[in-house]
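1. Here is a sequence with its predicted model. Questions after.
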There are 4 protein chains.
Amino acid sequence: MRDHIKAARMKQYNQVSGQNIQRIEALSDGVFAIALTLLVLDIRVPIRENVVYEKDLAIAFGKLTPKLLTYFLSFMTLGIFWTAHSSQFYFIEKSDRNFNWINLSFLLFVTLTPFTTAFLSEYINFRFAVGVYWLNLFLLGIMLGRILNYADKHNYFKSNIPGKNEIKKAMIRRGIVAQSLYALGALLCFINTYLSIAALTIIQLFFALALFSKSQSPAFFGRQSKSAK
Amino acid sequence: MRDHIKAARMKQYNQVSGQNIQRIEALSDGVFAIALTLLVLDIRVPIRENVVYEKDLAIAFGKLTPKLLTYFLSFMTLGIFWTAHSSQFYFIEKSDRNFNWINLSFLLFVTLTPFTTAFLSEYINFRFAVGVYWLNLFLLGIMLGRILNYADKHNYFKSNIPGKNEIKKAMIRRGIVAQSLYALGALLCFINTYLSIAALTIIQLFFALALFSKSQSPAFFGRQSKSAK
Amino acid sequence: MRDHIKAARMKQYNQVSGQNIQRIEALSDGVFAIALTLLVLDIRVPIRENVVYEKDLAIAFGKLTPKLLTYFLSFMTLGIFWTAHSSQFYFIEKSDRNFNWINLSFLLFVTLTPFTTAFLSEYINFRFAVGVYWLNLFLLGIMLGRILNYADKHNYFKSNIPGKNEIKKAMIRRGIVAQSLYALGALLCFINTYLSIAALTIIQLFFALALFSKSQSPAFFGRQSKSAK
Amino acid sequence: MRDHIKAARMKQYNQVSGQNIQRIEALSDGVFAIALTLLVLDIRVPIRENVVYEKDLAIAFGKLTPKLLTYFLSFMTLGIFWTAHSSQFYFIEKSDRNFNWINLSFLLFVTLTPFTTAFLSEYINFRFAVGVYWLNLFLLGIMLGRILNYADKHNYFKSNIPGKNEIKKAMIRRGIVAQSLYALGALLCFINTYLSIAALTIIQLFFALALFSKSQSPAFFGRQSKSAK
C-alpha cells in the first residue's frame, strides 16, 4: 500500500477511534455522575413530629451528620477515582473491545462505592465492613492499573505527548503509593476500626487536598503547559 | 526549543486540554441533570382511597402544591447556578488537578441543593432551615467565585476573546451582587421566615427572569455576536 | 475594524458558541435520559408470597400491565419531544441567556412528564387527570415553539442550510397540528375519559410511528441528503 | 446544481448530521448509564438489629449475595449490548427520524433489562421468568439488528472504512450466533430452570470475557489499526 494512502487511512481511523474513546468516556462520566449523587437519596428531611423549637430542628439536623459524612466520604472517593480515570484517558486515543470491558469492570466497582461506603458507615466498629470498603478501593485501583497497563502495552496512548513516559511512571507510582497506604490503613482495623477508618479518610483527603500543594502534578498538564510557554 | 516546534506542541496541547475541560463539563452536566430531577421523585401520585369525585382529585392534587413549589424552587436555583457555571466555562480552555477539585467541591453543593430546598420547604417557619438553605447558596457562590478566580490567576481563559476583562469583571460583580442580596434576604428571617423565603425566591426569580430584559448579558455573547456583525 | 479580523473573530466566536450549544444539548440529553427511565423505578418485581405455580406468576406479571403501559406512554411522549428538540437544535448554532432559560423551562416540563403520566394512569376515569396530562403536553409544545421562535428571531440558525425556511415552516406546522389534535383529544374527556386517553395515545403513536411512512420528514434530513446526491 | 457546490453542501451536511448522531449517542449513553446503576438501589445496607459480632455481619452480608449476583448479571447484559451498540454506531454517520425511533425502541428494552433481571432472580425456578428475561434479550437483539439493517439499507455508514462489508457481516453473524444460543439456553428451562439460567449466564460471560482472547474482534478496530501500520 502506498504511504500517502496509508497515512490518510490512519488519520481517518484515528478520528473515528477518537470518537469511540469519547463514548467510553461519556458512559463513564454518566455512571460517575449517578454514583456521585446516589447517596444523596439517603439524606432524608427529618420528620416534623417532635420538632417544635429551633433547637429541636438543630438537633434533628445534627442526627443527619453520619449520613452527611458518609456522603462526603463517598463523594471524595469517587472524586479521586474520577480524577485518576480522566487523567489516564487524557493520554489515550485508541481502544478495543478488551479495553472497553476493563473499563466496564472499573465502572462496576464505581457503582458499588456508594453501597460499600454506606455499609462502612453503618457498621463503623466492624472489621468486616472495613474489609469490604478496602476491597472496593483495592479493586478500583487494580482496574485503573489494568486500564493504564493495557493502553501502554497496546500503544493506545496519544503520540507526541512530551514526557509521556515520565507521566506514565508517575501515574503508576501514584497508584502503588495510594494502594499501599490504603492496605496499611485497612490493616489498622485489627488494632481499632475507628483508627483504620480515620487513617483511610486522611489518606483520601491527602490525595484530594494535597493536590492543592505546589508539587508537580503531571495530570492535566497544568504546570507543564505553563513552563512550555 | 525551536519556535515552530513549540507552537505545534502548544496547539496539540490545547486540543488535548480542551477535551479534558469537556470531560469536567460532561461530569458537571450529568450531576446537574440528576440534581435537577431528584426532587421529582418526591412528587408522588396521591393514593386513590378517598378520591371519588373530580373535586376530591383536585383537592388531592392541590395538596401536592408545596412539593411542586419546592421542586420549582430547586429547579430554578440549580438552573441559575448551571447557567453561571456554563457561562464561566465558556471562557475557560485549560484545567489542572486543583481546578478539577474546586469544580468537584462546587458539584458537591449542587447535589445537596435538592435536600436543603426540601428541608426549607418542610420547616418553612424555622430560622435554622433558612440558614441551612442560605449556607448552600453561599457555598455555591463561593465555589463559583473560586473557579473564576483560579482560572483567572492561572491564565486558563481562552485567548482572543474580545472584551475578556470586562466579562470577568461583570461576572464577579454579578456574583457579589447576588450573594449580598442572598445574605440580606436570609437575614430577614430574624424578622419573619416567610418574609425571608419570599425575598430569597424573588431575588432568584429576578436572576432567572430579569435576564429576559434588554440589559446587556455578557454570558453566551448573545448581543456581542450581533453587534460584531 | 478590518474585515479579515472581523471574519476571524466571528469564526472563533462561532466555534465557542457552538460548544456552548453543545452544553445546553448535553444537559438536555441528561435530563431526558433520567426522565425516560424514571417510571421504571415504579415497576416493582411482584412479592413472592402467593406465587406457587407458573400460572400465579403469569397473573402477578399481568397485574403489572398498567404500570408497563404507563411506562410505554411516558417513554413515547418523551421520545416524541426529544426527537422534536434534537431536530430543532440540529439547525441552531448560537444561544444566549434568554434562550438558555427558555430551554430550562422546557426541561422542567420534561421532568414532570413521568409524574403527569403516572397521575393519568392512576386516575384514568377522571377528567381532572386528563386535563393535567394535556396541560403538560401543551406546555411542552409551547416551550418548544418558543425555542424555535426565539432562535428564528435572533438569527441563531446555522447559515448555509439548504431549504432552511421550508424546514422552519414545516416544524411550526407540525407543532400546531400536534397541539390542535392534543387539544381536541383532551376535549373528548367531556364525553368519556377513556375515549380521550385512547385518542391522545393514538395521536402520539401516529407521531412516533407514522414517521416510518414514506412521507417527507424534514428533520434529520434523511431524505434530503439522499436526493441531494 | 454545480458539482463543487453539491460537494460543499454534502460536506457541510455530513458535519451537521454527524453531530446529530452524537446526540443520539449521548442520549443512549445517558440511558445506559442510568440502567447500569439502577439495580444498585436495590442493594440495601442490612439493618443493624441482629448484628452483634463480626460473624453476624458476614452472614448478613452473605444474604445480599443474590442481589449482588443479579446486579452483576444485569450489568454484564447491559455491558454486552452497550458494547454492541457503540460498535455499530462507530460506523454510522447519518441518521433520520425512523432510525432515531428504532434506536429509542432499543433504549426502551435497555431500561427494562434491570427489571427483567430482578424478576428472573426473584423467580429463579419459574419458566415464566426465564421466558420474560429471554424475551428482553431477544428484543434487544432484534432492535440492534434493525439498527444495523436500517443503516445499511440507507447508506448511513461512514464511507472510507476499510473492510466495511466484512465488519457488517461479522456483526450480523455475531448477533445471529448470540441470539441462537440465547434461544437454546432459554429452551433448556423446559428441562430445568437453573440449567437454563446457568446456560444463559455462561453464554453472556462468553460474550463478555471471550473477547479477551486472541481472536479477531472487528469492533473498535483494535487489531486492524495495528496491522495497518
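-> Now that the structure is in, tell me what you want to look at.
2. Just the buried positions in stretch A:139-152, please.
-> By neighbour count with 16 or more other Cβ atoms under 10 Å in any protein chain shown, stretch A:139-152 contains the buried residues A:139-141, A:143-148, A:150-152. All C-beta atoms are positioned from the backbone trio N, CA, C, and that covers glycine.
3. any idea which of the residues you listed is the one closest to B:Ala208?
-> Nearest to B:Ala208 among those is A:Leu140, at 39.3 Å by Cβ to Cβ.
4. tell me which element that closest one falls in.
-> Assigned by DSSP states H and E, A:Leu140 belongs to helix A:127-153.
5. cool, A:Ser74 as well?
-> Going by DSSP H and E, A:Ser74 is in helix A:65-89.
6. The residue nearest the centre of chain A and A:Phe207: what is the separation?
-> Residue closest to the average C-alpha location in chain A (Cα atoms, centre = their mean): A:Phe81, at 0.8 Å. Relative to A:Phe207, A:Phe81 is positioned 10 Å away (Cβ to Cβ, to the nearest Å).
7. before we move on, the earlier item: give me the spatial nearest neighbour of the residue nearest to the centre of chain A, chain neighbours excluded.
-> A:Leu140 (5.4 Å; Cβ to Cβ, 6 or more residues apart in numbering or on different chains).
8. How much space separates that neighbour from B:Lys153?
-> Distance of A:Leu140 to B:Lys153, given as Cβ to Cβ: 33 Å.
9. want to try TSV for the buried residues of stretch A:139-152, with pLDDT as columns?
-> Shown next, in TSV, are these (pLDDT from 0 to 100):
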residue	pLDDT
A:Leu139	96
A:Leu140	96
A:Gly141	94
A:Met143	95
A:Leu144	94
A:Gly145	93
A:Arg146	94
A:Ile147	94
A:Leu148	91
A:Tyr150	91
A:Ala151	90
A:Asp152	88
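10. Run through the residues that contact A:Ile172.
-> A:145, A:148 (Cβ atoms under 8 Å, 6 or more residues apart in numbering or on different chains).
11. what's the helix or strand for it?
-> Using DSSP H and E, A:Ile172 falls within helix A:164-187.
12. Can you report how many residues lie near A:Ala26?
-> 25 (other Cβ atoms under 10 Å in any protein chain shown).
13. again but with A:Leu137, I slipped
-> So A:Leu137, with other Cβ under 10 Å, has 24 neighbours.
14. what about the closest residue to it other than its chain neighbours, neighbour count?
-> The shortest distance from A:Leu137 to any non-neighbouring residue, by Cβ to Cβ, 6+ apart, is to A:Tyr182 (5.1 Å). Using other Cβ under 10 Å, the number of residues around A:Tyr182 comes to 21.
15. can you tell me how far A:Gln204 sits from B:Arg97?
-> 15 Å.
16. How about A:Val51?
-> From A:Val51 to B:Arg97 the distance is 42 Å (Cβ to Cβ).
17. A:Pro46 too?
-> For A:Pro46 relative to B:Arg97 (Cβ to Cβ), the value is 37 Å.
18. hang on, the earlier thing: wait, doesn't the residue nearest to A:Phe81 sit right on A:Leu107?
-> No: the criterion here is Cβ atoms under 8 Å, and A:Leu140 misses it with A:Leu107 at 10.0 Å.
19. residues near A:Ile191, how many?
-> A total of 9 residues lie near A:Ile191 under the criterion other Cβ under 10 Å.
20. Could you report the pLDDT at the closest residue in space to A:Leu181 that isn't next to it in sequence?
-> Of all residues not flanking A:Leu181 in the chain, A:Ile203 sits nearest, at 4.7 Å (Cβ to Cβ, 6+ apart). On the pLDDT scale, A:Ile203 is placed at 90.
21. and the residue in chain A positioned nearest to chain D, how many neighbours?
-> Proximity of chain A to chain D (Cβ to the nearest Cβ) peaks at A:Asp96, 2.3 Å away. When neighbours are defined as other Cβ under 10 Å, A:Asp96 has 22 of them.
22. quick one, phi/psi of it?
-> A:Asp96 adopts backbone torsions of phi -140, psi -180, taken as degrees, to the nearest 10.
23. returning to that earlier point: in the following helix or strand past the helix holding A:Ile172, what counts as buried?
-> Sequence order places helix A:193-209 as the next helix or strand after helix A:164-187, per DSSP H and E. Under the neighbour-count criterion of 16+ other Cβ under 10 Å, helix A:193-209 has A:193, A:196-197, A:199-201, A:203-204, A:207-208 buried.
24. mind exporting helix A:193-209 as PDB, just the C-alpha atoms?
-> Extracted C-alpha coordinates of helix A:193-209, given in PDB (Å, rounded to 0.1, in the frame of the first residue of the first chain):
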ATOM      1  CA  THR A 193     -11.700   0.100  63.400                       C
ATOM      2  CA  TYR A 194     -12.100   3.800  64.100                       C
ATOM      3  CA  LEU A 195      -8.300   4.200  63.800                       C
ATOM      4  CA  SER A 196      -8.500   2.400  60.500                       C
ATOM      5  CA  ILE A 197     -11.300   4.500  59.100                       C
ATOM      6  CA  ALA A 198      -9.600   7.700  60.300                       C
ATOM      7  CA  ALA A 199      -6.400   6.600  58.500                       C
ATOM      8  CA  LEU A 200      -8.300   5.700  55.300                       C
ATOM      9  CA  THR A 201     -10.200   9.100  55.300                       C
ATOM     10  CA  ILE A 202      -7.000  11.000  56.000                       C
ATOM     11  CA  ILE A 203      -5.200   9.200  53.100                       C
ATOM     12  CA  GLN A 204      -8.000  10.100  50.800                       C
ATOM     13  CA  LEU A 205      -8.200  13.700  52.000                       C
ATOM     14  CA  PHE A 206      -4.400  13.800  51.300                       C
ATOM     15  CA  PHE A 207      -5.000  12.600  47.700                       C
ATOM     16  CA  ALA A 208      -7.800  15.100  47.200                       C
ATOM     17  CA  LEU A 209      -6.400  18.100  49.000                       C
END
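25. which residues touch it?
-> With Cβ under 8 Å, 6+ apart, helix A:193-209 has contacts from A:73, A:76-77, A:79-80, A:120, A:124-127, A:129-130, A:133-134, A:137, A:178, A:181-182, A:184-189, B:101.
26. mind showing which ranges of chain A have poor pLDDT?
-> A:1-19, A:210-229 (pLDDT under 70).
27. Contact residues of it facing chain C?
-> A:30, A:33 (Cβ under 8 Å from any Cβ of the partner chain).
28. Give me the distance between the nearest residue to A:Pro66 once chain neighbours are set aside and chain B.
-> Using Cβ to Cβ, 6+ apart and skipping the chain neighbours, the partner closest in space to A:Pro66 is A:Ser121 (5.9 Å). From A:Ser121 over to chain B the distance is 17 Å, taken as Cβ to the nearest Cβ, to the nearest Å.
29. Which of the three states applies to A:Asn50?
-> Under DSSP: H, G, I helix; E, B strand; the rest coil, the three-state class of A:Asn50 is coil.
30. Enumerate every residue touching it.
-> Residues counted as contacts of A:Asn50 (Cβ under 8 Å, 6+ apart) are A:56, A:60.
31. what's it sitting at in phi/psi?
-> Here is the backbone geometry of A:Asn50 (degrees, to the nearest 10): phi -90, psi 10.
32. From chain C, how far off is it?
-> 30 Å.
33. Look up how far A:Ile43 lies from that residue.
-> Using Cβ to Cβ, A:Asn50 is found at 19 Å from A:Ile43.
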